[in-house]
Structure formats: C-alpha cells, structure tokens
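Engineer: Structure of the sequence below:
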Amino acid sequence: TVEALRALSEVDPSVSVESVKTQDPRGYAIWLSEKDPVAAEKILIEELKQRQDAVTHMAHAYAAFKAGMDSKKEAEDALATGIIEPRVLLQAGLILNRPELLVKAMQMGPGLLPSEKERIALELLQ
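Structural biologist: Now for the predicted structure:
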C-alpha cells in the first residue's frame, strides 16, 4: 500500500512510493505534497470528483497550501466535520497556523510517521 511504502521509505529512501500511485491516488498525492505540491494538487482535484470526505478535502487543502495557494477555507470546512485523524490535524495546524491542532495530533500517537512527528516538534519550537 502507499501508506506502508511511505513508512518504509522513511527508513530506506530507495523505496519507491511511486510504484503504487495508481493503487491509491489520494495516498500517493498526500506523500507527493511534500515533494511536488502542484502535481499533488492536480491529482487531488481528480480525487475530489470521486471522494468528498474530510481527508480528501484536507489533503487537497494541504497540497494547495504547499503550492502557495490560499486553502484556509477548505481546511476549516474539513475540520468542521469533526474529523480527528492525526494527519488531518497536522495538515490543518500548518495551514491555519494553529499550534493546538499540532499538539492534539502529536498526543494521538499512532497515525503519524516519524517525519511528521519531527515536523510538529520543529513547528512547536518556533
């Protein structure tokens, strides 16, 4: 799965996450957001034609944010659903500049990769 390869790529950078991009375009785009947010945002626009859930909307908002676009409204709307998934909280915290969401994501424990936990720690130190 994209998530498994994404986790594995954190310990072995030679692992190709791209090899499963057609299996889960949303998961692939979430990973791609850090590397090529413009390409990720385009993938997520297509995903939104199929999926209208909070995770997909937040993933799109995050890719747009990383690409330099204003995505605060989409992030706020996704949060308004009541979703409490750690990665969604991380993305929302970054987009909306809300450290309390980063703290909540970190406190949840499982669901975040080591690089995501490190990102939260760095953000909270600023």
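Engineer: Just the local confidence number for residue 10, please.
Structural biologist: Looking at residue 10, its pLDDT stands at 91.
Engineer: doesn't residue 115 make contact with it?
Structural biologist: Yes: with contact defined as CB atoms under 8 Å, residue 10 reaches residue 115; the gap is 5.7 Å. C-beta: built from backbone N, CA, C; applies to glycine.
Engineer: residue contacts, residue 17?
Structural biologist: 2, 5-6, 9, 28, 31 (CB atoms under 8 Å, 6 or more residues apart in numbering).
Engineer: Pull up the gap between it and residue 4, please.
Structural biologist: As for residue 17, its distance to residue 4 is 10 Å (criterion: CB to CB, to the nearest Å).
Engineer: Show the contacting residues for residue 60.
Structural biologist: Residue 60 touches 41, 44-45, 47-48, 71, 74, counting by CB under 8 Å, 6+ apart.
Engineer: same question but for residue 33, I mixed them up
Structural biologist: Per CB under 8 Å, 6+ apart, neighbours of residue 33: 40-41, 59, 62-63, 66.
Engineer: Backbone dihedrals for it, both of them.
Structural biologist: When read as degrees, to the nearest 10, the backbone of residue 33 gives phi -50, psi -30.
Engineer: one step back: may I ask which of the contacts of residue 60 has the most neighbours?
Structural biologist: In terms of neighbours by other CB atoms under 10 Å, the contacts of residue 60 top out with residue 44 at 27 neighbours.
Engineer: With adjacent residues omitted, what lies nearest to that one?
Structural biologist: Counting by CB to CB, 6 or more residues apart in numbering, the nearest residue to residue 44 once its immediate chain neighbours are dropped is residue 60, at 4.0 Å.
Engineer: three-state assignment of that neighbour?
Structural biologist: Three-state call for residue 60 (DSSP: H, G, I helix; E, B strand; the rest coil): helix.
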